[in-house]
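A.B. asks: sharing a model prediction with you, sequence too.
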Amino acid sequence: MTIRSLALGSALSAFAVLATISPAEAEDVVEMAFEGFGPAGLRVMTTHTVIEETPTRYLIEGDFATAGIGALFANVSNRSVARGQQQADTPHPESFDSETARDGVVAHNRVAYQSDGTPSGSSLPPPKEPITPVEANQLRGAVDNLTAYLLLERQIARGGSCNLRVPVFDGRHRYDLSFSDAGNTVLSPAEGQNFKGPAHECRMVRNEIGGFYVDKRQAEGARSGTIWYAQLMPGDIAVPVRMQMQTEIGDVEIYLSHLRGRGVDLKLMD
């Protein structure tokens, strides 16, 4: 998905080492690695995701970083961790921690969830430029961006459509991730990725509500895009095999390069 963590829940997924479920509890671990390319096929970013699950708990770790020519436009990296409970096979977040470095400035976003699911967040240091307000009544029902993509991936894996709207809050930014269904398709190998097969196409739009810079020239994260999901392993997680994202560093094409977990060890790129 970060893609899950591309600053503000774009959809870029990622590895991080900030936290883990203990080995005795981690019954199910899925790891994904991705490579992102910009104009002329130049590499601009890397991103990874680790999802750990037990029958009662889940943990998602994500990271991404601009690379190559992408770092010339915006030197950005992120590490994020979401923890939560599984209730009737539905994820309910308990905490979210994110650290983003952008052009030498490090921001820490934190979210804790009350017993009724209402998030309480913080963002340090405070933005130096004016941002749009976030009202308390806009936080009800919001989850972190990592959990948002897990909800979508489970819905698709269980045979559902991409149609889903998820309210998101990361400690500073409040937005909706709106997904719409574009049907089934067959992908062919591209950009060095040797995947070929059926995939489910989803469209994503980020609807900004609050916490964003008033000056629209200070763009952050991914605003919209398309994600192709495939059922590459058993269980309840559809895997994003390709993405096209409109981001702060321009249009980026992202390809799954390595998938491991649930008896699968699939390398799709050299």
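C.D. replies: Looks like it came in fine.

A.B. asks: show me what the host helix or strand of Arg203 is packed up against.
C.D. replies: Assigned by DSSP states H and E, Arg203 belongs to strand 197-210. Applying 3 or more C-beta pairs under 8 Å, 6 or more residues apart in numbering; DSSP states H and E, we find strand 197-210 packed against helix 145-157, strand 174-187, strand 222-230. In this view, the C-beta of every residue, glycine as well, is placed from N, C-alpha and C.

A.B. asks: how distant is that strand from the center of its chain?
C.D. replies: With C-alpha atoms, centre = their mean, to the nearest Å as the basis, strand 197-210 stands 11 Å off its chain's centre.

A.B. asks: listing partners with orientation, what would you give for it?
C.D. replies: Partner strands and pairing direction for strand 197-210 (DSSP bridges) are strand 174-187 (antiparallel), strand 222-230 (antiparallel).

A.B. asks: can you redo these as TSV with mean pLDDT and distance to Pro125?
C.D. replies: Compiled in TSV, the strands paired with strand 197-210 are given as follows (pLDDT from 0 to 100; distance: least, C-beta to C-beta, whole Å):
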stretch	mean pLDDT	distance to Pro125
strand 174-187	97	19
strand 222-230	95	23
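
A.B. asks: pick the most deeply packed of these.
C.D. replies: strand 222-230 (a mean of 21; mean count of other C-beta atoms under 10 Å).

A.B. asks: now the angle between helix 145-157 and it, please.
C.D. replies: Angle between the axes of strand 222-230 and helix 145-157 is 40 degrees (criterion: axes from the mean of the first three to the mean of the last three C-alpha atoms, to 10 degrees).

A.B. asks: off-centre distance for strand 222-230?
C.D. replies: Worked out by C-alpha atoms, centre = their mean, strand 222-230 lies 10 Å from the chain centre.

A.B. asks: can you list the low-confidence ranges for this protein?
C.D. replies: 1-27, 68-74 (pLDDT under 70).

A.B. asks: for this protein, which segments count as helices?
C.D. replies: Taking DSSP state H as the criterion, the chain carries its helices at 70-73, 145-157.

A.B. asks: pick the most buried one from those.
C.D. replies: Compared across the helices of the chain, helix 145-157 shows the largest average neighbour count, a mean of 24 (mean count of other C-beta under 10 Å).

A.B. asks: what sits against the nearest residue to Pro167 once chain neighbours are set aside?
C.D. replies: Nearest residue to Pro167 in three dimensions, chain neighbours excluded: Ala142, at 4.1 Å (C-beta to C-beta, 6 or more residues apart in numbering). By C-beta atoms under 8 Å, 6 or more residues apart in numbering, the contact list for Ala142 reads 119, 167-169, 174.

A.B. asks: of all those residues, which comes closest to Asp265?
C.D. replies: Closest approach to Asp265 among the contacts of Ala142 (C-beta to C-beta): Val168, at 31.8 Å.

A.B. asks: what pairs with the closest one across the strands?
C.D. replies: Bridge pairing for Val168 - DSSP bridges - gives Val143, Tyr175.

A.B. asks: verify the contact between it and Asp176 for me.
C.D. replies: Yes. The pair Val168 and Asp176 passes the contact test of C-beta atoms under 8 Å, sitting 6.8 Å apart.

A.B. asks: adding distance to Gly211, write the strands paired with strand 197-210 out as CSV.
C.D. replies: CSV is the format used below for those (distance: least, C-beta to C-beta, whole Å):
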stretch, distance to Gly211
strand 174-187, 5
strand 222-230, 15
